Each structure stands twice: as C-alpha cells, then as structure tokens.
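K.L.:
here's my sequence, what's the structure:
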Amino acid sequence: MLIASEHATLPALSPDELLSRADLAGQALVMTVIRASDATSPHIAHLYFEKLTKGIPRFRRPLAAKLHWDRTVEVKMRRLKRDANGAPIPGEWFDGYRAGDRVMTHLIWDEDKGGYVTLWWNAVWQTTP
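P.N.:
Next comes the predicted model:
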C-alpha cells in the first residue's frame, strides 16, 4: 500500500520482478510505526513476518529473536519529497505502513541506511489475515 503522488512516472514492477529483486518478502503484521522527530530522518516501521516468501530476516534485536522474544524487522520508511510550497513532487512515493495493518511487502537491505527499505512504490499492499 505504497502511496504514489498523483502523477507517478515510475512503472509498476510485476510480482515476479518484485520477488526477484527483494531480499526479504512475505506477509507481515505492522507492529508499530515510529515517526521521526525531524524532517530528514526516516520514519521507522517494525514488521512481524507471519509468512516468508523469500529471504532470511535480519531482526532488529538478534539475541531477542533467537530467544523468540522479539522477532521484528525494522524498515526505514521513505519520506515523501515536497516542493517549496509543500506539495508532493510528481513521481514521488512513500511507504504506506500503518500500525495494525497486515501487508504483503518486498524489502531490500540498504547498507547505507543500516536497515530494510521498501523495494518499489508497488511493493506493499494490504492482505487479509
């Protein structure tokens, strides 16, 4: 459920393309979304994967995950870029994670950000339990 601005210019990836490009994919429950305290840092989503389609998760707390206390992954959410008037820039998109949603998602590991990021604008959609 990524949200694209009104004039998205990037073509959607097919389900096969999303899966082949993803490091981690599957059905997840969005546990929390933490809003950044400034305008440049990413918002953070914590996802609990109920079904994995691809990959082995890099948990945000590996020891707690090993002990089955906390098996969530952290996603650094993309911030929507805006023009000088505050309007979304055409073609820009942001992650649509909301706490409590069940989603199918495709993620890649970003070494520079030290966490997972959403692969593409159509890489997240809501699912039923």
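K.L.:
mind jotting down where the helices sit in this protein?
P.N.:
For the chain, helices defined by DSSP state H occupy the ranges 15-21, 62-66.
K.L.:
how much space between residue 57 and residue 83?
P.N.:
Residue 57 sits 37 Å away from residue 83, going by CB to CB, to the nearest Å. Every residue, glycine included, has its C-beta placed from N, CA and C.
K.L.:
tell me the contacts of residue 76?
P.N.:
Taking CB atoms under 8 Å, 6 or more residues apart in numbering, we find residue 76 in contact with 42, 44, 110, 113-117.
K.L.:
of those residues, closest to residue 33?
P.N.:
Distance to residue 33 across those (CB to CB) is lowest for residue 44, with 7.2 Å.
K.L.:
any idea of the pLDDT on the residue of the chain positioned farthest from its centre?
P.N.:
Here the centre of the chain is the reference, and by CA atoms, centre = their mean the most remote residue is residue 85, at 26.8 Å. Here, the pLDDT recorded for residue 85 equals 83.
K.L.:
neighbour-wise, which of residue 57 and residue 83 wins?
P.N.:
The residue with more neighbours, out of residue 57 and residue 83, is residue 57; 20 against 10, by other CB atoms under 10 Å.
K.L.:
wait, isn't that one in contact with residue 73?
P.N.:
Yes: judged on CB atoms under 8 Å, residue 57 makes contact with residue 73 at a distance of 4.9 Å.
K.L.:
find residues that contact each of these two.
P.N.:
Common neighbours of residue 57 and residue 73, counting by CB under 8 Å, 6+ apart, are 24, 49.
K.L.:
so which bits of stretch 114-126 are buried?
P.N.:
Residues of stretch 114-126 classed as buried: 115-124 (neighbour count, 16 or more other CB atoms under 10 Å).
K.L.:
just flag the most distant two among those residues.
P.N.:
Pairwise distances among the buried residues of stretch 114-126 were taken by CB to CB; the largest, 20.8 Å, belongs to 115 and 122.
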